[in-house]
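*Asks:* give me the fold of what follows.
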Amino acid sequence: MATVADVADPSLYPTPLPESARRIELRTAGGPLAALEIMPPAGVETRGTAVLVPGFSGSKEDFLPMLEPLAAEGYRVVSYDQRGQFQSPGPTRWREYDVATFAAELAEVIAAVDPAPVHLLGHSFGGIVAQRAVADAPSSVRSLTLLGTGPGNTDFAGARMVGPLVWILRIGGTSLLWKLMRGQLRKAGLAHGSQVWLKHRLVHTHKANLIGIIRAMLGEPSRVAALAQTDVRFLVMCGENDQPWTPATQAKMARNLNARYVVIADAGHTPNEERPEETARALADFWISVDVES
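*Replies:* You can find the predicted model right below:
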């Protein structure tokens, strides 16, 4: 069974780690996974535990701006780097980065952090992993939030980029990918501090992880029908300018799941970082409503 141990980890993320949060290591059968954990502040009753799963080229820090607001509402929150992401080691072969393996490791993480069912959130590809994990073991969660994600490869607008991205990564690795990304990020007005962080994270992410995820996305079917048959409560949330799954695609998924649907204004694919206060508020409201009804 996975265990939790302290681990030191300097970070270049522009937002500092809250004093009440700590960096931990989750031990799984496939190897250790780097994680962040925050507890509710003194005097606030703990409502439950939440696990947050990042997406393609992401990391546990994607949720850092939301940690304190969620903890203030009474939630112990754990976010982690999936295998091969940023500070989590992983295999060197891309074939070992498939959705089934990611989902199995997520199941280990859930079992490690809390024996009771947790609130689960998956962002982008992390949402694909979360859907598979919940479809396999719905009793392990109290709720599932799908943030900026869609129904597998259905209506996945990023499919046309799979070939070019795999070629770029195989030829030049993460360094070449960053050179191509840098110009677009500058045009978008991304602050220098954020660019430094993104470069640091990307070059410390396994190339095999990125190739494996890109390929896995093409073959992942929709699990919406299976999930809709469970007793799990769902929240589908996205930025109003989201892609590669459009808000319309995500709204349809929400209807099919009988899910609460929230659109974050003035946000794109990462409302957790672009509009963290609004995103955390909507998330906490949903979790509290589920807990009250339980």
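*Asks:* now do the buried residues in the helix ranked longest in the chain.
*Replies:* Of all the segments of type helix in the chain, defined by DSSP state H, the longest one is helix 162-187. In terms of neighbour count (16 or more other C-beta atoms under 10 Å), helix 162-187 has its buried residues at 165, 168-169, 174, 177-178, 181. In short, each C-beta sits where N, CA and C put it, glycine included.
*Asks:* just these now: which is nearest residue 246?
*Replies:* residue 165 (19.8 Å; C-beta to C-beta).
*Asks:* OK, contacts around the closest one?
*Replies:* 177, 210, 214 (C-beta atoms under 8 Å, 6 or more residues apart in numbering).
*Asks:* also residue 57?
*Replies:* So residue 57 contacts 201-202, 205, 210 (C-beta under 8 Å, 6+ apart).
*Asks:* at 10 Å instead, please
*Replies:* Applying C-beta atoms under 10 Å, 6 or more residues apart in numbering, we find residue 57 in contact with 85-86, 124-125, 174, 177, 181, 198, 201-202, 205, 209-210, 213-214.
*Asks:* where does it sit: helix, strand or coil?
*Replies:* coil (DSSP: H, G, I helix; E, B strand; the rest coil).
*Asks:* which of the contacts of residue 57 are buried? Put it as a ChimeraX command.
*Replies:* Buried residues among these (16+ other C-beta under 10 Å), as a ChimeraX selection:
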select :85,86,124,125,174,177,181,198,201,202,205,209,210,213,214
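*Asks:* can you tell me which of the contacts of residue 57 is nearest residue 245?
*Replies:* Nearest to residue 245 among the contacts of residue 57 is residue 124, at 8.5 Å by C-beta to C-beta.
*Asks:* surely the closest one meets residue 82?
*Replies:* No. The pair residue 124 / residue 82 is not scored as a contact, 11.6 Å apart, by C-beta atoms under 10 Å.
*Asks:* which stretches of the stretch 1-150 of the chain have low pLDDT?
*Replies:* 1-11 (pLDDT under 70).
*Asks:* all the strands of it, residue numbers only.
*Replies:* Assigned by DSSP state E, counting those that start in this stretch, the stretch 1-150 of the chain shows strands spanning 4-6, 21-28, 31-38, 48-53, 75-80, 118-123, 141-147.
*Asks:* quick revisit: so what sits against both of residue 124 and residue 82?
*Replies:* 53-56, 58, 213.
*Asks:* okay, those residues in CSV with distance to residue 247 next?
*Replies:* Supplementary listing: those in CSV, determined by distance: C-beta to C-beta, whole Å:
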residue, distance to residue 247
53, 21
54, 21
55, 17
56, 19
58, 20
213, 23
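*Asks:* between the residues you listed, which is nearest residue 139?
*Replies:* residue 53 (18.3 Å).
*Asks:* hang on, the closest one packs against residue 63?
*Replies:* Yes. Contact criterion C-beta under 10 Å: residue 53 and residue 63 qualify, at 9.3 Å.
*Asks:* find residues that contact each of the two.
*Replies:* With C-beta under 10 Å, 6+ apart, residue 53 and residue 63 have common neighbours 79-80, 121, 123, 126, 147.
*Asks:* farthest-separated two in the residues you listed?
*Replies:* Pairwise distances across the shared contacts of residue 53 and residue 63 peak at 15.5 Å for 80 and 147 (criterion: C-beta to C-beta).
*Asks:* hey, C-alpha coordinates of the helix or strand containing residue 256 in PDB?
*Replies:* If you go by DSSP states H and E, residue 256 is part of helix 247-257. Provided in PDB are the C-alpha atoms of helix 247-257 (Å, rounded to 0.1, in the frame of the first residue of the first chain):
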ATOM      1  CA  PRO A 247     -17.600  24.500 -23.600                       C
ATOM      2  CA  ALA A 248     -20.400  23.200 -25.800                       C
ATOM      3  CA  THR A 249     -18.800  19.700 -25.700                       C
ATOM      4  CA  GLN A 250     -18.400  19.900 -21.900                       C
ATOM      5  CA  ALA A 251     -22.000  21.200 -21.500                       C
ATOM      6  CA  LYS A 252     -23.300  18.200 -23.400                       C
ATOM      7  CA  MET A 253     -21.200  15.900 -21.200                       C
ATOM      8  CA  ALA A 254     -22.600  17.500 -18.100                       C
ATOM      9  CA  ARG A 255     -26.200  16.900 -19.400                       C
ATOM     10  CA  ASN A 256     -25.400  13.200 -20.000                       C
ATOM     11  CA  LEU A 257     -24.000  12.900 -16.500                       C
END
